[in-house]
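Colleague: got a predicted structure here, sequence first:
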Amino acid sequence: MPVTRHRQRILEVLRDWFSKHDYSPTLEELCGELGKSPEQRATVQRWLQTMRGTDVDWDDNMARSIRLLQPDPTVQSEPQLPVVDTLRYLATGLAEWEGLSDDSDKVIPEALRLGLSRAYLTSLLQGDEEAPQNLPEFFDWANRPLAEWQPAKKELKYLADDVSLIEQGVLSGFTIQWHVEGSDTERQVQEKLLHDVLLHCRQYQQEEAYREFRKLIITQPVLRYREYRQVMTSSALRPIRDFVSSAYIDLPQLQSEDVYRFCPRCKYPQRRKSDHSYGCRSPECDRLGRELKLNPLPTISAEEAEEYKVITPGIHRYGTIPGIWEIDLYQQLTQLGISVTLWPEIDEYDLLVDFGRKQRWGIDVKDWSYLDRERLEKVKYRSELKATYVVFPDANEHYLRIRVVRDRLEPELGGVKLRLISEIIDAARAIFEGKNHA
C-alpha cells in the first residue's frame, strides 16, 4: 500500500481520536484504531516517521505527545483552497463588478463567482458559518471586517482588525491592492503568488529561500509525496513554506486521467487536445520537443497519481516555462568554469556572470514571442557592471530577428544590449579562455 494511503488513514484516525479525546493516543492505541495487531507496531511507527514534520510531530521523551500539525498543507481529504487566492478572486470580481455599466444586466463576473464558491466551501470545511451564500449576503459581508471571517483570521497573520473589501460603499484600499487584471483571472491569481514570494523575500532579505523556490518550480514541477515532504521540511525553504504549499496541488486535482503523460521538456502533465492527442500546455514545449527529438517520459496510472504533487497551471506558465531557459544558460556557462549566480539580489536580474577583475555581466533572459520596446526599456543598464544584456533563446530567432533589429533598438535602450543565448556563450567562452591563456 503506498505511503500516501497510510498517511491518509492515519490522519483520519487521529482526527477522529482528537474529536473524542483531549489527550494523545499511545502507539499501541493507534495500532488498534488502525486495525493493526501489536506485532505491527514497528510498521506503524515507520509510517509515522514519514509524516513527521509535515503532518504530525511528538516529543521523543514523552508518552502521549503525538499531535497534528496545523495548518497542514498536504492533507488530501479536503480541497486545497488557500484563503489568499480566494480573497484575490473576490477582490478581482468586485473590481470587475464596479466596472460594469449601470444599464447592463450585471452578470456576475467569473472571478466573483469563483471567489464566492471558494469562500463558502472554505467556511463549510472549517465549520464556520460566516461566509455568504448569495450575492446580497456577499455585499453585506464585504462591508464587514475580514478579521471576523475565521479562515482569513487564521491564514493572514498580519490582517488588521478593520480591513474590509468594501468601505463606505466603494472598493477598499485592500481590494484595490489585491485585485488582479487580465482575461485569464485564475492564472493571473496564480501568477500573483510569484510576485508575493518576490516581495516577501525582498522585505526579509531571504535571497537563498527565493533562489531555492525558483529552482524548485522550474526543475521539479512534479514531485512524489516523499519528495514534497523533504521540500517542506528543508531548511532553505522554511522561511517561505506557506508559499511553497500554495504553489503545489495534488495531481488528480489538476486533471482526471486514466493514464497521466508528461511533457519531455518541462516535465509537467500533458493535457488532452481536441483531436484526442496529448500535448504540453506550452505549445513552445511541443515544438522544441519535436525539434530536439526528446524521448517520451514514463506514464503513470490514476492510482499512482495519488502519490504526486504538481505546481499550479499559473506557476507553470509564468514560472516554469520561462525559467527553463534561465537554468539552461546558467548550466552552459558554469560548465565552461565561469562563476554564475542565479537571480542575484533577489531577482534584480536573472544571471550575474563574474569573470573576475571587476568584469561582470548582468543578464535578463526573455522567452518572448515578439519584441516590445516598452518592455525592453524596463531593463535598466547597470553602470557597476561591464555589460547589461537582454538575452533570447536561439529557438525564437526565426520570428524575433534579433540580429536584424538590434542595431535599431539598442541606441534607445541606454546601454542595454540584445543577444542570443549562443552569442552569449561564445562571448563568455572567448573571455574566459583568454584570461586562462594569459
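Modeller: Arrived safely. If you're wondering where the values come from, they're calculated on a predicted model, not measured in any experiment.

Colleague: next SSE downstream of whichever helix or strand Arg403 is part of?
Modeller: Per DSSP states H and E, Arg403 falls inside helix 402-409. Note on helix 402-409: by DSSP H and E, the next helix or strand toward the C-terminus is strand 417-420.

Colleague: residues touching that following strand, excluding its own?
Modeller: Contacts to strand 417-420, defined as Cβ atoms under 8 Å, 6 or more residues apart in numbering, come from residues 376, 387-394, 397, 402-403, 405-406, 409-410, 427. For the C-beta atoms, the positions are set from N, CA and C on the backbone; glycine is no exception.

Colleague: can you check stretch 21-34 too?
Modeller: Under Cβ under 8 Å, 6+ apart, the answer for stretch 21-34 is 9-10, 13-14, 16-17, 37-38, 40-41, 44-45, 58, 63-67.

Colleague: likewise for stretch 196-209?
Modeller: 84, 210, 213, 236-240, 243, 344-347.

Colleague: for those, which one is nearest Trp325?
Modeller: Asp347 (15.2 Å; Cβ to Cβ).

Colleague: got the domain ranges for the chain?
Modeller: 3-68, 83-181, 186-318, 336-437 (automatic domain parsing).

Colleague: closest one to Tyr330 among the ones you listed?
Modeller: Tyr330 lies closest to domain 336-437 among the domains of the chain, at 5.4 Å (Cβ to Cβ).

Colleague: let me know the average pLDDT across that closest one.
Modeller: Throughout domain 336-437, pLDDT has a mean value of 91.

Colleague: just the buried residues of the contacts of stretch 21-34.
Modeller: 10, 13-14, 17, 44, 66 (16 or more other Cβ atoms under 10 Å).

Colleague: Pro151 is in contact with Tyr120, isn't it?
Modeller: No - Pro151 lies out of contact with Tyr120 (Cβ atoms under 8 Å); the separation is 10.8 Å.

Colleague: between those two, point out the one with more neighbours.
Modeller: Pro151 (22 against 17; other Cβ atoms under 10 Å).

Colleague: check contacts around the more buried one.
Modeller: 83, 119, 122-123, 126, 128.

Colleague: give me the phi and psi for the nearest residue to Cys263 once chain neighbours are set aside.
Modeller: Excluding its sequence neighbours, the residue lying closest to Cys263 (Cβ to Cβ, 6 or more residues apart in numbering) is Cys280, at 3.9 Å. Per-residue torsions, Cys280: phi -70, psi 160 (degrees, to the nearest 10).

Colleague: so Cys280 is in contact with Arg272, correct?
Modeller: No - judged on Cβ under 8 Å, Cys280 makes no contact with Arg272 at a distance of 11.8 Å.

Colleague: who has more neighbours, those two?
Modeller: The neighbour comparison of Cys280 against Arg272 (other Cβ under 10 Å) goes to Cys280, with 24 against 12.

Colleague: buried stuff in the helix holding Arg403?
Modeller: For helix 402-409, the neighbour count (16+ other Cβ under 10 Å) marks 402, 406, 409 as buried.

Colleague: got the contact list for the second one?
Modeller: The neighbours of Arg406, taking Cβ under 8 Å, 6+ apart as the test, are 417-418.

Colleague: from Asp140, how far off is Glu98?
Modeller: Distance, Glu98 to Asp140, by Cβ to Cβ, to the nearest Å: 17 Å.

Colleague: ugh, typo on my part, it should be Arg211
Modeller: 45 Å.

Colleague: middle-most residue in this protein, spatially?
Modeller: Ala247 (3.1 Å; Cα atoms, centre = their mean).

Colleague: quick one: it and Ile311 touch, right?
Modeller: Yes - contact criterion Cβ under 8 Å: Ala247 and Ile311 qualify, at 5.4 Å.

Colleague: shared neighbours, these two?
Modeller: Ile217.

Colleague: thinking again about what came up before, and the domains of the chain, which one is worst for confidence?
Modeller: Lowest mean pLDDT of the domains of the chain: domain 83-181, a mean of 78.

Colleague: now do the contacts for Ala63.
Modeller: For Ala63, counting by Cβ under 8 Å, 6+ apart, the contacting residues are Thr26.

Colleague: which SS state does it fall under?
Modeller: coil (DSSP: H, G, I helix; E, B strand; the rest coil).

Colleague: go on, His276?
Modeller: coil.

Colleague: residue contacts, it?
Modeller: Contacts of His276 by Cβ under 8 Å, 6+ apart: none found.

Colleague: where does Asp59 land in three-state SS?
Modeller: Quick answer, by three-state DSSP: Asp59 is coil.

Colleague: how many neighbours does it have?
Modeller: 11.

Colleague: is it correct that it is in contact with Arg67?
Modeller: No - in this structure Asp59 lies outside contact range of Arg67 using Cβ under 8 Å: 9.2 Å.

Colleague: now render the domains of the chain as TSV, adding distance to Ile327.
Modeller: Listed next are those as TSV, based on distance: least, Cβ to Cβ, whole Å:
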stretch	distance to Ile327
domain 3-68	27
domain 83-181	27
domain 186-318	6
domain 336-437	8
